[in-house]
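A.B. asks: output the structure for:
(2 chains)
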Amino acid sequence: MHSVGAKPGSAPAAGTARALLCIESLTKRFGDFAAVDRLSLDIRDGEFFALLGPSGCGKTTLLRLVAGFERPHAGRILLDGVDLAAVPPHRRPVNMMFQNYALFPHLSVEANVAFGLKQEGLPRDEIAGRVADMLALVKLQHFAARKPHQLSGGERSRVALARCLVKRPRLLLLDEPLAALDKKLRDATRFELMALQRQLGLTFVIVTHDQGEAMIVADRIGVMESGRLLQVGAPAEIYERPNSRWVADFVGEVNLFAGRLGDDRLSVEGTAAGRLRLAAPVAAEPRTTLWVAVRPERLRLSGDQPAAGEENCVAGTVAEIGYLGDVSVYRVRLADGSLVKAAAANSGGAPAPRPDEPVYLRFAPDAAIVLTR
Amino acid sequence: MRRVTAFNLFAIVLGIVFLYLPIVILVIYSFNASRLVAVWGGWSTRWYGELAGDAAILDAASISLRVALVAASLATLLGTLAAVALVRFGRFRGRLLFASMIYAPLVMPEVITGLSLLLLFVALAIERGFWTVVIAHTTMAACFVTVIVQSRLVDFDMSLEEAAMDLGAPPLRTFLTVTLPLILPALAAAWMLAFALSLDDLVIASFTTGPGATTLPIRIYSEVRLGVKPEINAVCSIFIAVVCIAVLAASLAAKLTAARGAPTRLRTGDLSRLDAG
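C.D. replies: Residues are numbered from 1 along each chain as shown, chains lettered A, B, ... in the order given. Next up is the predicted model:
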């Protein structure tokens, strides 16, 4: 027998998978306020997608629209090509993990996990078997008889997850699943989530306001603001090639220098840091206003004087130093009074700059992200 | 913070005496050997024995109990439905009117409720008896049920119902398997209050009752007008015992549910406030 199986353990290639969920110009208003505003998005089969945005950007509303708890004013939601508009929440092959977990307090862990399967009218033996398997998968087999209030936060989150996963949903929606956990547990649970998603080959859509979390778990991130998607892409793409100042500023730290495009289209003039050289020409009219974004970790900080004619080198004085252990964050005041953030690893070597010392910030032309909006 | 001072102790004792001294005296006098109600003649269970032979009182007690059972159950059903409508349907047209109409009987003098029901039954040519009293008591008690159940539903976590639906439970099954078990303590409290209200009602019952449906309070009241018989004390003592056992059982049940993990709040504050009204 000849089989052309995929490599063991390899996740489905996100780039080639077909769309599982299609959201087409979806709008949901609360009074005059559009929580979701003509939003379109495709979620691919088998991917881990993160909806990232500040609180109130409409990401939870979007999730609730997909789950069926809210009705859209306009637009369509298609799952496997089927319009979900007429499908009530209890018939959608979609499950949701709630932010507060919403575990049934009067039922044991086992009964909580079995709840969804009982609704399907499965035989008792099959329910018991699948519940036992799922509890073992989330390492809760010894907690089956406990009530939710007898569990820790991390255990509760695993019950909530198991309760959804046991249904083998086409799509699992997770609403800030880790927000209630402390940092150590959050980090561990993130990797558990990723492992489970890969192991079960399911499609996950997670809602979060924590950009670090989105970057770690997701194959693709959609950045949301005021009910709209600003940018959709892989974490590295969002971080290294943000398409707007808002995205650059929301995802990670960034320094923004406003200026005008030079006549050679290869430089930006009149910024707080002077004339900045770019790595590639910009497809815009010379003299148009644009912004150069530089991540703090791409700025090199030192006391070395610039060589004659050196470009992308800014002078300033150290205003504040934030010591984080592995790295230090410097706030450097430029000649015009603006502050620039620079991060440097504390890996020994050259002595670290001290407050009020004159320093020079340098960056390579390819570290500059040019933004037109 | 929680220090037992002389003043605190005094206040507690005064309160308890004020509330329970008449009841204690009643219970003690039910064991009075003397035929004269106000004269102490030594301990005896004589009147409890005589009570067993008093068909009129026993008949009235059985009618009162049956009225209270049916009326409390109907009131709990209707009151719960009204509470669900008020809490869940958001701001529907006429919500304020609906709410005030439900609460009106709370503040309506019983004489007016009784009289209006009497006029209704007469106008509709309904023969007065057991069922007219049941209807009247249901009307009166349903609003108390609504208040209790509503206060529980207001802080009920809606995401529990959403989670149940998300896991595939249709709305009715969601209500029966998730909402109902969680609000059950409030329903039990409401039912007990409705039961107690029906049991001790004299005014409304006397307006709406008919031949063959004399409730215990009506019977006691009519007999007391001719002079207090010691049997009455015995009847009242038995009722007090029944009510005490019911309340104890209910609070014990609530405690057990709480121990099993359901977020039970019996809302005793609501109960006592209503009792005072």
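A.B. asks: low-confidence ranges in chain A?
C.D. replies: Residues of chain A meeting the criterion pLDDT under 70: A:1-17, A:349.
A.B. asks: sorry, that was for the stretch 51-200 of chain B
C.D. replies: B:90-91.
A.B. asks: what residues does it put near chain A?
C.D. replies: B:157, B:159-160, B:162-171, B:173-174, B:177-178, B:181-182 (C-beta under 8 Å from any C-beta of the partner chain). (Glycine included, C-beta is placed from N, CA and C.)
A.B. asks: if you set the cut-off to 7 Å instead, what comes out?
C.D. replies: Within reach of chain A by C-beta under 7 Å from any C-beta of the partner chain, the stretch 51-200 of chain B has these residues: B:157, B:159-160, B:162-163, B:165-170, B:178, B:181-182.
A.B. asks: show me those that map onto helices.
C.D. replies: B:159, B:160, B:162, B:163, B:165, B:166, B:181, B:182 (DSSP state H).
A.B. asks: could I get the contacting residues of the second one?
C.D. replies: For residue B:160, the contacting residues are A:102, A:104, B:178, taking C-beta atoms under 7 Å, 6 or more residues apart in numbering or on different chains as the criterion.
A.B. asks: burial measure for the second one, as a count.
C.D. replies: Under the neighbour criterion other C-beta atoms under 10 Å in any protein chain shown, residue A:104 is assigned a count of 23.
A.B. asks: so it sits against residue A:112, correct?
C.D. replies: Yes - with contact defined as C-beta atoms under 7 Å, residue A:104 reaches residue A:112; the gap is 5.5 Å.
A.B. asks: of all pairs in the ones in helices among the residues of the stretch 51-200 of chain B next to chain A, which one is the farthest apart?
C.D. replies: By the measure C-beta to C-beta, B:166 and B:181 form the most distant pair in these, at 18.1 Å.
A.B. asks: more neighbours, those two?
C.D. replies: Remark: of residue B:166 and residue B:181, residue B:166 carries more neighbours, 28 against 15, as counted by other C-beta under 10 Å.
A.B. asks: which strands and helices lie in contact with the longest helix seen in chain B?
C.D. replies: Counting residues, the longest helix found in chain B (DSSP H) is helix B:55-88. With contacts taken as 3 or more C-beta pairs under 7 Å, 6 or more residues apart in numbering or on different chains; DSSP states H and E, helix B:55-88 sits against helix B:130-154, helix B:180-200, helix B:216-225, helix B:230-260.
A.B. asks: let's see 10 Å
C.D. replies: helix B:46-53, helix B:95-107, helix B:130-154, helix B:158-166, helix B:180-200, helix B:203-208, helix B:216-225, helix B:230-260 (3 or more C-beta pairs under 10 Å, 6 or more residues apart in numbering or on different chains; DSSP states H and E).
A.B. asks: how about it: buried residues?
C.D. replies: B:57, B:60-61, B:63-65, B:67-68, B:70-72, B:74-76, B:78-80, B:82-87 (16 or more other C-beta atoms under 10 Å in any protein chain shown).
A.B. asks: what about that helix, distance to the chain center?
C.D. replies: 8 Å (C-alpha atoms, centre = their mean, to the nearest Å).
A.B. asks: and the angle from it to helix B:230-260?
C.D. replies: Put simply, helix B:55-88 runs at 30 degrees to helix B:230-260, going by axes from the mean of the first three to the mean of the last three C-alpha atoms, to 10 degrees.
A.B. asks: what angle do helix B:55-88 and helix B:180-200 make?
C.D. replies: 140 degrees.
A.B. asks: ok, back up a step: what sits in contact with each of residue A:104 and residue A:112?
C.D. replies: A:147, A:148, A:159, A:163, B:163, B:167 (C-beta atoms under 10 Å, 6 or more residues apart in numbering or on different chains).
A.B. asks: verify the stated contact: the second one with residue A:113.
C.D. replies: In other words, residue A:148. No - applying C-beta atoms under 10 Å, one finds residue A:148 not in contact with residue A:113, separated by 11.3 Å.
A.B. asks: who touches both of the two?
C.D. replies: A:103, A:107, A:159, A:160.
A.B. asks: which of these sit farthest apart?
C.D. replies: Pairwise across those, and taking C-beta to C-beta, the largest span is found between A:107 and A:160, at 12.7 Å.
A.B. asks: between these two, who's got more neighbours?
C.D. replies: Set side by side, residue A:107 and residue A:160 show more neighbours around residue A:160, with 25 against 19, by other C-beta under 10 Å.
A.B. asks: residues near residue 197, how many?
C.D. replies: Unless you meant another one, I'm taking chain A. Around residue A:197 there are 22 residues (other C-beta under 10 Å).
A.B. asks: ah, I was thinking of chain B
C.D. replies: For residue B:197, the neighbour count with other C-beta under 10 Å is 21.
A.B. asks: and the residue lying closest to it once chain neighbours are set aside, how far is that from residue B:191?
C.D. replies: Excluding the flanking residues, the one nearest residue B:197 by C-beta to C-beta, 6 or more residues apart in numbering or on different chains is residue B:141, at 5.0 Å. Plainly put, residue B:141 is 9 Å away from residue B:191 if you go by C-beta to C-beta, to the nearest Å.
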